[in-house]
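J.: this one's structure only:
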């Protein structure tokens, strides 16, 4: 089972649309802070704060190439979150299947609405 604190950090990081967009960009390959900031109308310090949240959640890592510090996507926390969500997806699918079966039983017991002649 995935540790609760790890999931808390992952879901907190994913709660922000800017951070999700950053992760989407990093799925295409590593990028520098400047490259990551380019599509947003926010300051570099604001982007850096978003990157710190993503790093704390373990969703990205910081490399070092000379003076550059490219960020890279780390997908393992996403896999853990998907596994956790999968348990609940299965629960709801089973619940909905049981509900559908119950409704079918109720419909089978209903008398015809048309009057007899």
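T.: Great, that's in hand. Just so it is clear, the structure is predicted and the values come from calculations on it, not from any experiment. Numbers count the residues shown, from 1 in each chain.

J.: switch to C-alpha atoms for all contacts and neighbour counts from now on
T.: OK.

J.: Could you pull out the helices in this protein for me?
T.: Applying DSSP state H to the chain gives helices spanning 4-14, 17-26, 33-37, 44-56, 76-109.

J.: now those helices as TSV including mean neighbour count and distance to residue 64?
T.: As requested, those are exported to TSV (neighbours: other CA atoms under 10 Å; distance: least, CA to CA, whole Å):
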stretch	mean neighbour count	distance to residue 64
helix 4-14	16	23
helix 17-26	17	16
helix 33-37	16	12
helix 44-56	17	15
helix 76-109	12	21
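
J.: which one of those lies closest to residue 70?
T.: Minimum separation from residue 70 across those (CA to CA) falls at helix 33-37, 7.1 Å.

J.: other SSEs contacting the lowest-mean-pLDDT helix or strand in the chain?
T.: None of the helices or strands of the chain scores lower by mean pLDDT, DSSP states H and E than helix 76-109, at a mean of 90. Other helices and strands packing on helix 76-109, by 3 or more CA pairs under 8 Å, 6 or more residues apart in numbering; DSSP states H and E, are helix 4-14.
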